[in-house]
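S.K.: just the structure for this:
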Amino acid sequence: MSTLPPGFPVSVLDRSRTREGESPARALRDTVRLAREAEALGYHRFWVSEHHGVPGVAGAAPTVLAAAVAAATSAVRVGTGGVMLPNHRPMVVAEQFGVLESLFPGRIDMGLGRSVGFTDGVRRALGQDKEAAGAEAFAAGIEELLGWFTGTQTAHPGVRARPAEGLRVPPFVLATGEGARIAAEAGLPLVIGDLRRRARLSAAVDAYRAAFRPSAWAAEPYVVVAGTVVVAGSEAAARRLLAPEAWAMAYSRTRGEFPPLAPPERIEALEMTDRQRGFYEDGLTGHLYGTGEQVAEGLARAVAETGADEVLVTTSTYDREALVASYRGLARAVGLVPRGGGEGPEGHPGN
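M.R.: Numbers count the residues shown, from 1 in each chain. All right, here's what the predicted structure looks like:
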């Protein structure tokens, strides 16, 4: 069986998914509990996401949630996957991460994305439009943001971001296409998905590496490959765990609203339209799922094909016990070393 090299970093992204009939507060508390479990299992990082006005996602304020996660853990690196830079002023983002790094020194990551709101109404509420996510605006935002840490930003002469200035919070760019080019030109680590489209993923990674310019933040290219991963006792059981997320995606594509997760048995009893069925079946395919051995082999192939330096996995399903069991099974399958308060692998950004 092929698997990942010893010590290879495997990290977790959790989106604080809500379940039918339950409060967002429950989802947020579950994220903190999952972070403790991920730390104990030996995962390298635990990141949280940013979504606005989405019924199925409670994670609206990633830096606030990251603070709760960091306070509840002691060794796992904590960060954002990511803060959506078009929604925020770069100085405010720098200040927020400066506070996090000051409170939890040496453990904070700054993952940055450029998505804007899910709907026109949400974008208006955020004071943004689709143009705010343009590549050049994103590049300028990153440059200003990093300048607040180094004291070199020129957009606002005489202004300094405290407590950010002088601190070093590892930045990562969540991107594909133009975003990957921006990461390369800025000399920053890249987080890129998804594992379902391997050929396109490999091409984007190759282009990033070819265009990479060393910077004060990273001397060499660093690639984190992200994707959905589910481990269960059988391939069929793992595929069934994908159903809640697949249906939520199909519903959002046909109804314009991303809903809370529903139990698989209710989804299986639904009478879907042909269009919904198409989106649903697409949502079940291409992910890495199966037994621990099957998934470990799949991750090893993905890393070999892309030359990734790290993998970032996410799992969403209705059954919380099955979700935790999936992360436990993956940790065993790829040989993660359980923590007793130690540090993560050396030689990787943020260590």
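S.K.: hey, where'd the helices end up in the chain?
M.R.: Using DSSP state H, the helices assigned to the chain run over residues 24-41, 62-72, 90-103, 120-126, 135-150, 178-186, 198-211, 235-241, 243-255, 264-268, 274-284, 292-306, 320-334.
S.K.: can you lay out those helices as JSON lines showing mean pLDDT, mean neighbour count and distance to Ser11?
M.R.: Placement of C-beta: from N, CA and C, glycine included. Putting the helices of the chain into JSON lines (pLDDT from 0 to 100; neighbours: other C-beta atoms under 10 Å; distance: least, C-beta to C-beta, whole Å) gives the following:
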{"stretch": "helix 24-41", "mean pLDDT": "97", "mean neighbour count": "19", "distance to Ser11": "8"}
{"stretch": "helix 62-72", "mean pLDDT": "98", "mean neighbour count": "20", "distance to Ser11": "13"}
{"stretch": "helix 90-103", "mean pLDDT": "97", "mean neighbour count": "20", "distance to Ser11": "17"}
{"stretch": "helix 120-126", "mean pLDDT": "77", "mean neighbour count": "14", "distance to Ser11": "28"}
{"stretch": "helix 135-150", "mean pLDDT": "93", "mean neighbour count": "19", "distance to Ser11": "21"}
{"stretch": "helix 178-186", "mean pLDDT": "91", "mean neighbour count": "21", "distance to Ser11": "17"}
{"stretch": "helix 198-211", "mean pLDDT": "90", "mean neighbour count": "16", "distance to Ser11": "17"}
{"stretch": "helix 235-241", "mean pLDDT": "96", "mean neighbour count": "18", "distance to Ser11": "20"}
{"stretch": "helix 243-255", "mean pLDDT": "94", "mean neighbour count": "21", "distance to Ser11": "19"}
{"stretch": "helix 264-268", "mean pLDDT": "95", "mean neighbour count": "15", "distance to Ser11": "27"}
{"stretch": "helix 274-284", "mean pLDDT": "94", "mean neighbour count": "15", "distance to Ser11": "23"}
{"stretch": "helix 292-306", "mean pLDDT": "95", "mean neighbour count": "19", "distance to Ser11": "12"}
{"stretch": "helix 320-334", "mean pLDDT": "97", "mean neighbour count": "19", "distance to Ser11": "11"}
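S.K.: for Gly79, which of the ones you listed is the nearest?
M.R.: With respect to Gly79, and counting by C-beta to C-beta, the nearest of these is helix 62-72 at 6.4 Å.
S.K.: ok so, going back, of the helices of the chain, which is nearest His156?
M.R.: helix 90-103 (7.3 Å).
S.K.: report the angle between the axes of that closest one and helix 62-72?
M.R.: 0 degrees (axes from the mean of the first three to the mean of the last three C-alpha atoms, to 10 degrees).
S.K.: for helix 90-103, which helices and strands make contact with it?
M.R.: helix 62-72, strand 108-113, helix 135-150 (3 or more C-beta pairs under 8 Å, 6 or more residues apart in numbering; DSSP states H and E).
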